[in-house]
Each structure stands twice: as structure tokens, then as C-alpha cells.
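Colleague: mind folding the following:
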Amino acid sequence: MARNGLTPTGGPSILQQRTRGIRTVANFDLERLETQVEELIEGCRHLREENHSLRLRQEALVAERAELIEKTEQARARVEAMLERLKTMEEQL
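Modeller: I've put the predicted structure just below:
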């Protein structure tokens, strides 16, 4: 083999061919890894947005629930007051 890495026939040596193949595989692996990292970043961004949206929705539902509980208590108090008035009216008859 000559010093320039070429075989006596002028082609690249087996070592050069394997090295080139390894570089191609390494470049492919790096590109695949980069794609996967980008997909993970995008997935995290999407989950962060969804989480924020769900937290806002939960806050709204908690507030709505509190409002409904308050209205239920007010209705219960009115019904109890009406029942007391009916009992009083019945006793007066």
C-alpha cells in the first residue's frame, strides 16, 4: 500500500472505505439523534401548553363548583325558611 492510502490499483484502501462507512453511520446516527431531540423538545412544549390549559380549566371548574355550592346552600336555606313558615301557618289554622 502506498503512503497516500491508495491501493496499488489506485482505489481507496479497505481502511479508508471502513472509515468512510463509519463516518456515514455516525453522521446518520447524529442526524437521527438530532431529529429525536427536536421531537422531544416539541413534545415537551406541547405538554407544557396542554398542562397550562388544563390548569386554567381546573381553576375555572373549582370556582364554578364553589359558586354552585353557595347557590345550593342559599336554596336550601330558602326552602327551610318556607317550610318553617308553612308549619307556622298550619299551627295558626
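
Colleague: so the residue nearest the centre of the chain: helix, strand or coil?
Modeller: Of all residues in the chain, the one closest to the mean position by C-alpha atoms, centre = their mean is Leu47, 1.9 Å from it. Following DSSP: H, G, I helix; E, B strand; the rest coil, the label given to Leu47 is helix.

Colleague: report pLDDT for Thr19.
Modeller: pLDDT, Thr19: 65.

Colleague: ignore the last one, Leu30
Modeller: 86.

Colleague: that one: helix or strand, and which one exactly?
Modeller: Assigned by DSSP states H and E, Leu30 belongs to helix 14-92.

Colleague: distance from the chain centre to that helix, please.
Modeller: Remark: helix 14-92 is offset 8 Å from the chain centroid, using C-alpha atoms, centre = their mean, to the nearest Å.

Colleague: show me where pLDDT drops low in the protein?
Modeller: Residues of the chain that meet the criterion pLDDT under 70 lie in 1-23, 25.
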